[in-house]
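Need coordinates for the following:
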Amino acid sequence: MLITGICGRLGKLLARELHRTDRVVGVDRRPFDDRPKDIVHHQVDMRRKKMKDIFRGRNIRAVVHLGVLHDPRRSESERHSWNIVAFQKLLGYMSQYEVPKLVVLSGANVYGPQPNNPQFLTEDAPLLGAQHYGGMRDLVELDMLAQSFFWKHPGTETVVLRPCHIVGRVHNAASNYLRLERPVMVMGFDPMTQVVHERDVVRAIRLALRPGLRGIFNIRGPGEMPLSHLVRQAGGRPRLVPSPIAKVALDQLWKLRLSSFPAQELDHLRYVCMVDDSRARTELEYEPAHSIDRVLKDVRRLRYQLD
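Predicted coordinates:
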């Protein structure tokens with residue numbers, strides 16, 4: 001079992017579950033100082049030739065790709081090189097060494113928040129996430145590369161997971177936004193929103209690793225609620241601002257490094273982008289285990305103390 005991006009929050013959670021029953025090999029540029037002793041960790045750049053050595057001589061039966069760089073403060077060229085060039089090399093090694101299973105963690109954001117979105121989006125909906133936010137371009141392209149690999153290499157069981165906003169102890173736009181004491185909301189907008197606990201996402205990945213499963217699956221949490229309710233349940237107090245001012249306010253907070261929520265993601269505060277997960281419930285036998293209170297518990301607890 002090879003996990004890319006193993007040193008991220010999700011990678012560590014997944015590795016600590018899988019190593020009890022599988023031989024786990026991890027790849028990440030970051031160190032993994034607190035790893036269990038039986039996990040092999042390669043601190044390498046996925047774009048380098050050393051990646052090929054990891055595949056050569058090992059009977060890797062599955063790859064879980066979590067190594068996506070989301071940091072909007074990085075340059076577009078750096079994100080593209082890491083996300084797309086590295087993923088293309090990974091797919092090449094999988095094809096060369098005939099790895100039978102690939103699980104790719106994408107995200108529901110590839111659909112994009114749109115004013116004319118249906119209430120729930122299925123896996124067949126168009127991927128419009130990069131239309132108004134160029135920072136999503138890499139994730140959409142990566143998702144499409146995984147779909148192309150699915151069709152070109154039927155000998156590999158390829159699974160693409162598209163979870164809604166992941167929250168918990170992870171560091172991403174959704175969790176960072178909900179950790180703000182006074183998060184900006186756009187006056188006149190209160191979109192219905194879905195969140196899913198990080199441990200439910202790990203469980204979905206484990207289910208996707210079972211033999212015989214392939215395809216694209218939306219992953220959602222325990223339900224949906226208005227954004228304002230989510231903010232208040234997370235312990236925040238919404239700061240309502242008119243739409244023209246919202247972008248200016250978020251831009252200023254971003255420049256001053258008082259917020260990790262980029263202004264380019266403003267549409268998530270205005271329009272709905274919710275997914276239908278019936279396919280995951282039927283084929284993956286996935287069901288979220290964490291209630292909305294539990295989902296937001298870590299957000300509240302870590303408001304002032306990020307791990």
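
quick one: the strands in the protein?
Taking DSSP state E as the criterion, the chain carries its strands at 2-4, 25-27, 40-42, 63-65, 101-105, 157-163, 165-167, 184-186, 192-197, 215-219, 224-226, 239-241.

closest to residue 263 out of those strands?
When those are compared by C-beta to C-beta, strand 184-186 sits nearest residue 263, at 9.3 Å. C-beta here means a position set from N, CA and C on the backbone, and glycine is covered the same way.

how about the strands of the chain in a markdown table, adding distance to residue 279?
What follows is the strands of the chain, written out as a markdown table (distance: least, C-beta to C-beta, whole Å):
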| stretch | distance to residue 279 |
| --- | --- |
| strand 2-4 | 24 |
| strand 25-27 | 29 |
| strand 40-42 | 34 |
| strand 63-65 | 20 |
| strand 101-105 | 15 |
| strand 157-163 | 11 |
| strand 165-167 | 19 |
| strand 184-186 | 32 |
| strand 192-197 | 15 |
| strand 215-219 | 6 |
| strand 224-226 | 17 |
| strand 239-241 | 37 |
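
Including mean neighbour count and mean pLDDT, could those go into TSV?
Output for the strands of the chain, formatted as TSV (neighbours: other C-beta atoms under 10 Å; pLDDT from 0 to 100):
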stretch	mean neighbour count	mean pLDDT
strand 2-4	26	94
strand 25-27	25	94
strand 40-42	18	93
strand 63-65	26	97
strand 101-105	25	97
strand 157-163	25	98
strand 165-167	25	92
strand 184-186	21	89
strand 192-197	24	95
strand 215-219	24	98
strand 224-226	16	94
strand 239-241	14	90
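
Identify whichever of the ones you listed lies nearest to residue 204.
Nearest to residue 204, of all the strands of the chain, is strand 215-219, at 4.9 Å by C-beta to C-beta.

Could I get the full set of helices for this protein?
Under the criterion DSSP state H, helices of the chain are mapped to 9-18, 50-55, 76-80, 86-96, 137-152, 173-179, 198-208, 227-233, 243-255, 278-279, 292-301.
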